[in-house]
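Participant: pasted the sequence and its predicted model underneath.
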Amino acid sequence: MHLTEVVNNGFLFLAPWLVFAPLVGLLINSIFGHKFSERGVGAVASLASGAAFVVSILLAYSVSINHGEVLRWKLAEWMHIGNLSLDWTFRVDSLSATMMLVVSGVGTLIHIYAIGYMHEDVRFKHEENRFRRFFIFLNLFIASMMILVSGDSYMMLFVGWEGVGLCSFLLIGFWFEMDTLARPSWANSDAAKKAFITNRVGDFGFLIAGFLMFWHLGSFQFDAVFENATHAEPWVIVLITLFMLIGVAGKSAQIPLYIWLPDAMAGPTPVSALIHAATMVTAGVYLVTRSAPLYSLVPQAQYIVAMTGAATALFAATIAVGQYDIKKVLAYSTISQLGFMVAAVGMGAYVAGMFHLITHAFFKALLFLSAGSVILGLERGHHHAEHARHAEEPKGKHKKAEHHDEHHEVFDPGDMRNMGGLRKTMPVTFWLYMIGTLALAGIFPFAGFWSKDEILLDASLHFTSIYWQLTIAAFFTAFYMGRQIWMVFFGEARHEAAAHAEESPKVMTLPLVALAVLSVAGGALNLPFEGYHNLGHWLGYTLGEVEGLPLNLQVAGISTALALSAIFISWLIYGRKPLKIGQPDPLKKPLGFIFTGMENKWFVDEGYFALIISPFKKLSQFLADVIDWKFWHDFVHDTIIFGTYNWVSSIALNDYADQKGIDAFANGLGTWTQNFSTAMRKIQNGFVRSYALSVLFGVVFILGYLLLK
Amino acid sequence: MVKVDYYIILSAILFITGALGVLVRRNPLIIFMSVELMLNAANLAFVAFANMHNNLDGQIFVFFVMTVAAAEVAVGLALIVQIFKAKHSINVDDINSLKG
C-alpha cells in the first residue's frame, strides 16, 4: 500500500527543490560568486532557475499520471499552537503546476536574457560589481514565487506573497542612487518605496482576510477553508473575499492600487519583464483562482472583482495611449491585461483567466525584453555618437571633455520620441517586437487572440457591461501598440542615438526567439474547438470540469475587426506621417484636454497626493511638532516630570538634610571603619611564634569547650 | 602488658615538649623538629589506642601522618632555603613582612 503510494506519486519527492534549487543557486552566487566570471554567475543562476523548471515539468507529469489528484508533500512543521497547525506543505495540483511551469519557464528565459542585458547595463552605469547582486535577487524571486504558488495554505501563500514583494522592492531599487544614465537621482528608490508601501496597503487587506478566515473558518489550509466556508454565514465569505480583493488589487495592480506598477519600470528591464509583467503581478489572479470555491459562494463579491478588473482594463488602456516612455506604455498595458484576467476570474471564467495569464506571460515578457533590447540599442548608439563626436573635436577641447566624457545633454533612452527607424538598425528586435505586438493586440492566430477572445466570449454571455468595457480596452490595446510600433521602428531616427543604434547579442535575442515561438503558438494550449480544450481539461482537475466554449464568430470577429481598425488608425496618425523631432503628439491637438489627461495618467498620482499623502504628511507634521514636541517633550517631560522632580528634591533634599543626614552617615561609616582597622592591625604583629601561641590558645579553648560542655 | 595510660602520658609529655619548642625557639629547624615531635606524639597515641582496641585503623593512620610529615618537611626546608637566600637570616622573628 505504502509502496504503491510512493510509486504513484511520481516525482513528488522533488517538490521541495522548486524552492531549494533557486536558493542553492543564490547561495553559490553569494558565497563563491566573487570568484566567478559574469558568465559563471549568470550560468549558475540560470541553471538554478532551469532546475526549478525541470522539477515543475516532472511535477506536472506526476499530476497527470495521477489524473489530477492533489499531491501534497509535507516538508516541515511551521507552528502548532492550540488547534492551529501550520505546516510547510507543497501542494501540487494542476493549477499550481501550471503556475510553476510559467514562473520557472519564463523565469529561466529571462535569466538567460539578463546575462546579456546586465553585462551591458552595469557597464553603462560603471558599477560592474553589482552584476552578481542582480542574479542573487532574481533567484530569490524565483524561490519566493515558488513558495507562493506551491503553498498548501493561505499562510504559506502569504509568505511567498511577501517574499516576492521584497524582491520586487529590491529589484525596482536596483539602481537606487542613479537614473538610467548613471546620473545621481533618488527616483528609483522612490519608485521602490512606492511599490512597497502600496503593496503594504494590499497586504493589509490580505491579512484581514486571513484573520477573518481563521476566526470564522478555523483554518488556513485551502481544503479545510473551502470545506468550512460552505457552512459559514455568507457575510463572512463576502468580507473575506472582498478584503482578499484589496490584496489582489495591490499585487496585481488593479484600481485603486495600480499606481506602483508604472513606477516599477525604474527597475532593470529583465525585472520589469519577469516580475512586473509575467509572473509576480499574476499572483493576485492566482489567488482568486485558488480561492475559486470561496468566490463561487458569493456572486456579489465576484461581480465586484469582475467590475474592478474591467474598469482597470479600460482605464489603464486609455493611459497607455498617452505615454511616451516605451516601458511605461507596456506597464499600463500590463495593468490593462491584468484587468482582463481579474475580470475573467471574477466572472468565474477561471480557465480563461489562467489561459490569458499564461499567454500574457509569454508575449508581455517578449515585449518587455524586446523593449530592453531597444533601450540598450539606443544606449549603445548614444555611446557611439558621443565617442565619434569626441574624436572629431580639437585636441585641447577633447582633453577637457575626457574627465566627464559621459552625457552632458539630457537624453532618455526609453523615450519613444528619441527613437524612430529602428527597424533597419535592429531588425531582429523589430520582428520579435512585431510578434509580441500582434499577440497582445489579439490578431489571429497569435496566442493573445485565443485567450482574449475566451474572456470576451465569457463576458458576452454573462455580463454585457463588462464585455463592452473589455472590448473597448482591446481596441485601445491594439491602438497604443500600433502607435508604439510606428513611433519606435518606422519613420526616421529622431535622435542620433537611434541612428547609431545597434542590434543586441545572441544571448539576449535567443531567449526572445523562444518567447516569440510561445507567443505565436501559445494559443494551442486551449483552442476553442471540440476536443482541444487542453488547458480547460487540465485545470478542470482542480477547478472542476467546465464545458469548453466553442468559438463564437461574432465575438471574435468584432474584436479582430476592432483590433485591425485600431492598428489602421494608428498608422493613419503615426505611420503615414512619422513624428518629426520635437513635434508634439499628433493626437494632442484634436483630443485636447482628453489627451492631456491620458498623458498625465488622469492625474491619479496627483489626486492621491492631494487626498492621502499631503494630509498624511500634515498629520505627521502635527504629531511631530505638536503632540510629540510641544505636548510630550515640552509639557509632559520638561514641565511635569522634570519640574516635579526638581520641586520634590528642593524640599526633601535641601542642604541641611543632605549634609547633616546622608553625608554625615556616609562619612561616619568611613571614619568608624578606619578607627576599627587601626585597632585591629595591632594583632598582626609579624611574629610567627605569637601566631602559633594564638593557635594553641584557640585549640585549647575549642577542645576545652568540647570536653566540658 | 603495659597499660595504655602510660603511653598516653608519654604522648602528652612529648606533645607538650614539642608545642613549647615551637613557641619558644627562634630557629626554624628546631621548630620543625618540635613539630615532628608533636606529630610523633600523636602517632604514639594512635598506636596505643589501636593496640588497645585491637583495631588496625590507628596504625594505618600513622602511615598517613608519617607521609604527610615527610612532605611537610620537604616543603618547609625548601621554604627555609629560599627565605635564607632572600633575607640572609632564618630567625623566625625577622620574618615579619606581614606585620600590620
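Facilitator: Here it is on my side, so go on.
Participant: going forward, measure contacts and count neighbours with C-alpha atoms only.
Facilitator: OK.
Participant: pLDDT score assigned to the residue in chain A that chain B sits nearest to?
Facilitator: In chain A, the residue that lies nearest chain B is A:Gly686 (4.2 Å; Cα to the nearest Cα). We have a pLDDT of 81 for A:Gly686.
Participant: and what about it, helix, strand or coil?
Facilitator: coil (DSSP: H, G, I helix; E, B strand; the rest coil).
Participant: can I take it that A:Leu86 is in a strand?
Facilitator: Yes - inclusion of A:Leu86 in a strand is indicated when three-state DSSP is applied.
Participant: surely it and A:Met79 touch.
Facilitator: Yes - under the criterion of Cα atoms under 8 Å, A:Leu86 makes contact with A:Met79 at 5.2 Å.
Participant: the more surrounded of those two?
Facilitator: Neighbours per residue (other Cα atoms under 10 Å in any protein chain shown) separate A:Leu86 from A:Met79, with A:Leu86 holding more: 20 against 11.
Participant: surely the residue of chain A closest to chain B touches A:Ala692?
Facilitator: No - counting by Cα under 8 Å, A:Gly686 stays clear of A:Ala692, with 11.3 Å between them.
Participant: which one of these two is surrounded by more residues?
Facilitator: When A:Gly686 is set against A:Ala692 and neighbours are counted by other Cα under 10 Å, the residue ahead is A:Gly686, at 18 against 14.
Participant: buried set for the longest strand seen in chain A?
Facilitator: What stands out as the longest strand in chain A, according to DSSP state E, is strand A:71-81. Within strand A:71-81, the residues that count as buried by 16 or more other Cα atoms under 10 Å in any protein chain shown are A:Leu71, A:Arg72, A:Trp73.
Participant: of the residues you listed, closest to A:Asn526?
Facilitator: Checking the buried residues of strand A:71-81 against A:Asn526 with Cα to Cα, the nearest one is A:Leu71 at 24.1 Å.
Participant: tell me how many other residues surround A:Ser56.
Facilitator: 30.
Participant: name the SS class of it, please.
Facilitator: Put simply, A:Ser56 is helix when judged by three-state DSSP.
Participant: what residues does chain B have near chain A?
Facilitator: Contact residues, chain B versus chain A (Cα under 8 Å from any Cα of the partner chain): B:Val22, B:Leu23, B:Val24, B:Val92, B:Asp93, B:Asp94, B:Ile95, B:Asn96, B:Ser97, B:Leu98, B:Lys99, B:Gly100.
Participant: which members of those residues are classed as buried?
Facilitator: Buried members of the residues of chain B next to chain A, counted by 16+ other Cα under 10 Å: B:Val22, B:Leu23, B:Val92, B:Asp93.
Participant: the second one contacts A:Tyr691, correct?
Facilitator: No - contact between B:Leu23 and A:Tyr691 fails when scored by Cα under 8 Å: they sit 9.2 Å apart.
Participant: residue contacts, the most centrally placed residue in chain A?
Facilitator: Geometric centre of chain A, nearest residue: A:Ser168, 3.5 Å, by Cα atoms, centre = their mean. Contacts for A:Ser168 (Cα atoms under 8 Å, 6 or more residues apart in numbering or on different chains) come out as A:Phe141, A:Ala192, A:Ala195, A:Phe196, A:Ile275.
Participant: about what we covered before: A:Pro22: which of the buried ones among the residues of chain B next to chain A is nearest?
Facilitator: A:Pro22 has its nearest neighbour among those in B:Val92, at 82.6 Å by Cα to Cα.
Participant: which residue packs closest to that closest one, ignoring adjacent ones?
Facilitator: With Cα to Cα, 6 or more residues apart in numbering or on different chains as the criterion, B:Val92 has its nearest non-adjacent residue at 5.4 Å, and that residue is B:Arg26.
Participant: same question for A:Leu438.
Facilitator: A:Phe446 (6.8 Å).
Participant: rounded mean pLDDT for the lengthiest helix in chain B, please.
Facilitator: As assigned by DSSP state H, the longest helix anywhere in chain B is helix B:57-87. Helix B:57-87 comes out with an average pLDDT of 92.
Participant: mind listing what's buried in that helix?
Facilitator: B:Gly58, B:Gln59, B:Val62, B:Val65, B:Ala69, B:Val73, B:Ile80.
Participant: is it true that the residue nearest to A:Leu438 touches A:Gly523?
Facilitator: Yes - assessed by Cα under 8 Å, A:Phe446 is found in contact with A:Gly523 at 6.6 Å.
Participant: picking up where we left off before, need phi/psi at the residue nearest to the centre of chain A.
Facilitator: In terms of degrees, to the nearest 10, the main-chain angles of A:Ser168 are phi -60, psi -50.
Participant: hey, which helix or strand in chain A has the poorest pLDDT?
Facilitator: Least confident element among the helices and strands of chain A, by mean pLDDT, DSSP states H and E: helix A:395-403 (a mean of 44).
Participant: just after that one, pick out the following helix or strand.
Facilitator: helix A:422-425 (DSSP states H and E).
Participant: which elements pack onto that next one?
Facilitator: Identification of packing neighbours for helix A:422-425 by 3 or more Cα pairs under 8 Å, 6 or more residues apart in numbering or on different chains; DSSP states H and E yields helix A:427-441, helix A:464-489, helix A:496-499.
Participant: and the angle from the longest one to helix A:427-441?
Facilitator: Which is helix A:464-489. On the basis of axes from the mean of the first three to the mean of the last three Cα atoms, to 10 degrees, helix A:464-489 is oriented at 170 degrees to helix A:427-441.
Participant: gap between helix A:464-489 and the chain center?
Facilitator: Computed by Cα atoms, centre = their mean, to the nearest Å, the chain-centroid distance of helix A:464-489 equals 25 Å.
Participant: how about it: buried residues?
Facilitator: A:466-489.
Participant: check which helices and strands it sits against.
Facilitator: helix A:299-321, helix A:326-346, helix A:422-425, helix A:427-441, helix A:447-462, helix A:553-570.
Participant: what parts of chain A come near chain B?
Facilitator: A:Arg681, A:Lys682, A:Ile683, A:Gln684, A:Asn685, A:Gly686, A:Phe687, A:Val688, A:Arg689, A:Ser690, A:Ala692, A:Leu693.
Participant: out of those residues, which end up buried?
Facilitator: Using 16+ other Cα under 10 Å as the burial test, those include A:Gly686, A:Phe687, A:Val688, A:Arg689, A:Ser690, A:Leu693 as buried.
Participant: average pLDDT across the helix or strand where A:Leu170 lies?
Facilitator: Using DSSP H and E, A:Leu170 maps to helix A:154-172. What helix A:154-172 shows for mean pLDDT is 94.
Participant: chain center to it: distance?
Facilitator: Per Cα atoms, centre = their mean, the displacement of helix A:154-172 from the mean C-alpha position of its chain is 7 Å.
Participant: tell me the first helix or strand C-terminal of that helix.
Facilitator: helix A:187-212.
Participant: where does chain A dip in pLDDT?
Facilitator: Within chain A, the stretches with pLDDT under 70 are A:1-8, A:392-409.
Participant: tell me the one of the buried residues of helix B:57-87 nearest A:Phe134?
Facilitator: B:Ile80 (78.2 Å).
Participant: who does the helix or strand hosting A:Pro590 touch, helix- and strand-wise?
Facilitator: A:Pro590 is part of helix A:588-591 when elements are defined by DSSP H and E. Counting contacts by 3+ Cα pairs under 8 Å, 6+ apart, helix A:588-591 is packed against no other helix or strand.
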